[in-house]
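Engineer: here's a sequence, model it:
(chains A and B)
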Amino acid sequence: MGRVTQILIANRGEVAVRIIRACRELGIPSVAVFSDADARAPHVLLADRAVRIGPASPAESYLSIATILNAARESGADAIHPGYGFLSENAAFAAACAEAGITFIGPPAAVIDRLGSKIGARLIANKAGVPLVPGDTPADQSNESIAASARKVGFPALLKPAAGGGGIGMKTIREERTLAAGIDQARREATSAFGDGTLYVERLIERPRHVEIQVLADDHGHVIHLFERECSLQRRHQKVVEETPSTALTAQLRRRMGEAAVALARAADYRNAGTVEFLLEGAGDSASFYFLEVNTRLQVEHPITERVTGVDLVHAQIGIARGEALPWTQQTLAQRGHAIEARVYAEDPSREDLPQAGRLLLYREPSMPGIRIDSGVTEGGDVSVHYDPLVAKLIADGPTREVARRRAVEALRNYPILGIRTNVAFLIELLEHPRFVAGDIDTWFLDSEGKQLRERSVSAIPPEALEVARAVAQSQADPTLRTAGGAKADPWDTLRGYRG
Amino acid sequence: MVDALGNGQYRVNGRLAYGARERGRTWVFIDGHTYIVDAEERDAGVHATDDQVALSAPMPATVISVNVTPGQEIAAGDLLVLLEAMKMEVPIKAPRNGRVKSIACREGDLVQPGTQLIELEQA
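Structural biologist: Coordinates of the predicted model:
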């Protein structure tokens, strides 16, 4: 059981803001840390105290374990929330916190360590009876034995160099006819790339979905799950849109996946909030799911779970870290309605999503029913080149998927961000795509549809935009109208020396 | 018809729009779309050459590697400089065949948008 009377947030941006807000709600003083690039960032202004931890470069600030522990000691914080990214899945950091007598709001170092290795995590999953993608590394590496393995796991099969990684030398075998030649070729490529021709055979999961289960585990032996998040819409391993419930799950499949995630968490002696990721093949009761990995932290997309379950995951994390028992049982939890998250990135869709940095000349968040915006930026602030290009997360909810989807689209249409290119128009195109509307998505969706969506999101400048541009230029040329955002006709702004 | 509503807000043909301007560049937002109008650049008749655009950092970035040396012959598409920006690699490639005249960056440099990183000899 840990002391949590003052929390240092070892992070920046929207997640730091979100955690500081939770501290406020719970009456716990918060301590922000900041690099020189973030001296006036929203998370710094919002916290009760703020400590400078170094220059802009993450390695010298947000990733520096010694500096962050010093900041905790200096400020009197007895607990640290790591957020996501940076040090959140760093077992050495969790261990250093424990050693310094600081409560780490997350799993113990040993758990992070156990699940951090893909091989270790697969062993635990296997022990817990959680399905893995069918695969085999035959001890007998003869061509005949590899062929037998391929027949056993079934077609389409994937031949992988056992020594490899990063997709190099992988060979897809779709039918018996191409098996022998495929083995020869995979062997040659494995030998030339890694100096080792040992092959691993795995079932190829075609057009899978990425579906993850949120779990919570306390120090009293309680483990529960908070249902799924559908995260298939990703590109280059970066998620773009997430939703819950998943359109592919039935009540029965949801229960099976939830039970598998809980079994795995129990087998790993898991504590605090975590997420078990699965590949889903097919949909409905007949679908198969396979374990991918465990994320031992709060996920970026956690708000959609909060919207449909009513559970505040950061509150829950703090309660667990304090040694409290979970106030819910599996039976008391339910999904209510639907929630969709769209990640607003500073990037240029016309240049293959090149990330963008710069000043937000104008930034206005939409405020409407069913919309939550988690952001860590303000008008006049900068999106820094030193950190990731996430500007904000727009979370829409509603009684049905269609209501949530329409709310998300409407909110994005009223989300002006000027000064930096963003993917706002791309997100609207994505949410309006007939396949998304129908819930027909998989992890290949953005690979196959992304180019077209990007092209459609970049349109020629219409006449009314040119008219507005002229009006903006005129207002800036006239000093009596001049303000940072453009024209201001409000008479209150012309009052001099007025104190209201 | 455009009405200036104040605080960066405009009404155009009955629709709400937003506008802001910085360094000759006007940004306009209407109905989910953002448009960038480069009025001054066009008015002044200033046109960046292809080399300038292609061989400049597109955004603030860190130089990961410089893959050429002065005097080196290069072909269109060759990787000249590799940048890293916001956790992503951004390659700077040769816009044409030619020879490297000078290099204006070093490994580890933080470079700003518009800074030309490599100069090629005139074709």
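Engineer: which residues in chain B form helices?
Structural biologist: All helices of chain B, identified by DSSP state H, fall at B:39-43, B:50-54.
Engineer: the last one near chain A at all?
Structural biologist: To tie it back to what came earlier, the one meant is helix B:50-54. No: between helix B:50-54 and chain A, judged by C-beta under 8 Å from any C-beta of the partner chain, nothing touches; the nearest distance is 11.8 Å. Quick note: C-beta positions are derived from backbone N, CA and C, even for glycine.
Engineer: least reliable of the helices of chain B going by mean pLDDT?
Structural biologist: By mean pLDDT, the lowest-scoring of the helices of chain B turns out to be helix B:39-43, with a mean of 47.
Engineer: tell me the centre residue of the chain?
Structural biologist: Assuming you mean chain A. residue A:300 (3.5 Å; C-alpha atoms, centre = their mean).
Engineer: actually, chain B is the one I wanted.
Structural biologist: Centre-most residue of chain B, counting by C-alpha atoms, centre = their mean: residue B:58, 3.9 Å.
Engineer: one step back: how far away is the residue nearest to the centre of chain A from chain B?
Structural biologist: 14 Å (C-beta to the nearest C-beta, to the nearest Å).
Engineer: got it, and residue A:70?
Structural biologist: As defined by C-beta to the nearest C-beta, residue A:70 lies at a distance of 26 Å from chain B.
Engineer: what strand or helix carries that residue?
Structural biologist: helix A:65-75 (DSSP states H and E).
Engineer: counting neighbours, which bits of that helix end up buried?
Structural biologist: By neighbour count with 16 or more other C-beta atoms under 10 Å in any protein chain shown, helix A:65-75 contains the buried residues A:65, A:67-69, A:71-72, A:75.
Engineer: which strands or helices does it pack on?
Structural biologist: On a contact count with 3 or more C-beta pairs under 8 Å, 6 or more residues apart in numbering or on different chains; DSSP states H and E, helix A:65-75 meets strand A:7-9, strand A:30-35, strand A:49-54, helix A:91-99.
Engineer: which neighbours in the sheet does the first one have, and how are they oriented?
Structural biologist: Paired strands of strand A:7-9, with direction, are strand A:30-35 (parallel), strand A:79-81 (parallel) (DSSP bridges).
Engineer: could you list the low-pLDDT ranges of chain B?
Structural biologist: Chain B contains residues with pLDDT under 70 at B:39-49.
Engineer: taking it, what residue is nearest to chain A?
Structural biologist: Chain B approaches chain A most closely through residue B:8 (3.1 Å), counting by C-beta to the nearest C-beta.
Engineer: skipping adjacent residues, who's closest to residue A:249 in space?
Structural biologist: Counting by C-beta to C-beta, 6 or more residues apart in numbering or on different chains, residue A:249 lies nearest to residue A:228, which is 6.0 Å off, once chain neighbours are set aside.
Engineer: whoops, I mixed them up, residue B:96
Structural biologist: Skipping the residues right next to it in sequence, residue B:96 comes nearest to residue B:76 by C-beta to C-beta, 6+ apart, at 5.1 Å.
Engineer: before we move on, back to that, any idea which of the helices and strands packed on helix A:65-75 is most buried?
Structural biologist: The highest average neighbour count among those, using mean count of other C-beta atoms under 10 Å in any protein chain shown, belongs to strand A:7-9 at a mean of 28.
Engineer: for residue A:408, what is the enclosing helix or strand?
Structural biologist: Using DSSP H and E, residue A:408 falls in helix A:401-413.
Engineer: break chain B into its domains for me.
Structural biologist: B:2-43, B:50-120 (automatic domain parsing).
Engineer: tell me the most buried of those?
Structural biologist: For the domains of chain B, the stretch with the most neighbours on average is domain B:2-43, a mean of 19; neighbours defined as mean count of other C-beta under 10 Å.
Engineer: for the residue in the stretch 201-350 of chain A that chain B sits nearest to, which residues are in contact?
Structural biologist: Nearest residue of the stretch 201-350 of chain A to chain B: residue A:346, at 7.9 Å (C-beta to the nearest C-beta). Residues touching residue A:346, when contacts are defined by C-beta atoms under 8 Å, 6 or more residues apart in numbering or on different chains, comprise A:355-358, A:383, A:389-391, A:420-422, B:86.
Engineer: re earlier: may I see the buried residues of the helix holding residue A:408?
Structural biologist: By neighbour count on 16+ other C-beta under 10 Å, the buried set for helix A:401-413 is A:401, A:403-413.
Engineer: near chain B too, which of those residues?
Structural biologist: When the buried residues of helix A:401-413 are checked against chain B using C-beta under 8 Å from any C-beta, the ones in range are A:412-413.
Engineer: can I get the buried residues of helix A:401-413 in JSON lines with pLDDT?
Structural biologist: Rendered in JSON lines, the data for those read as follows (pLDDT from 0 to 100):
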{"residue": "A:401", "pLDDT": "98"}
{"residue": "A:403", "pLDDT": "98"}
{"residue": "A:404", "pLDDT": "98"}
{"residue": "A:405", "pLDDT": "98"}
{"residue": "A:406", "pLDDT": "98"}
{"residue": "A:407", "pLDDT": "98"}
{"residue": "A:408", "pLDDT": "98"}
{"residue": "A:409", "pLDDT": "98"}
{"residue": "A:410", "pLDDT": "98"}
{"residue": "A:411", "pLDDT": "98"}
{"residue": "A:412", "pLDDT": "98"}
{"residue": "A:413", "pLDDT": "98"}
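Engineer: which of the buried residues of helix A:401-413 sits closest to chain B?
Structural biologist: For the buried residues of helix A:401-413, with chain B as the reference and C-beta to the nearest C-beta as the criterion, the closest is residue A:413, at 4.0 Å.
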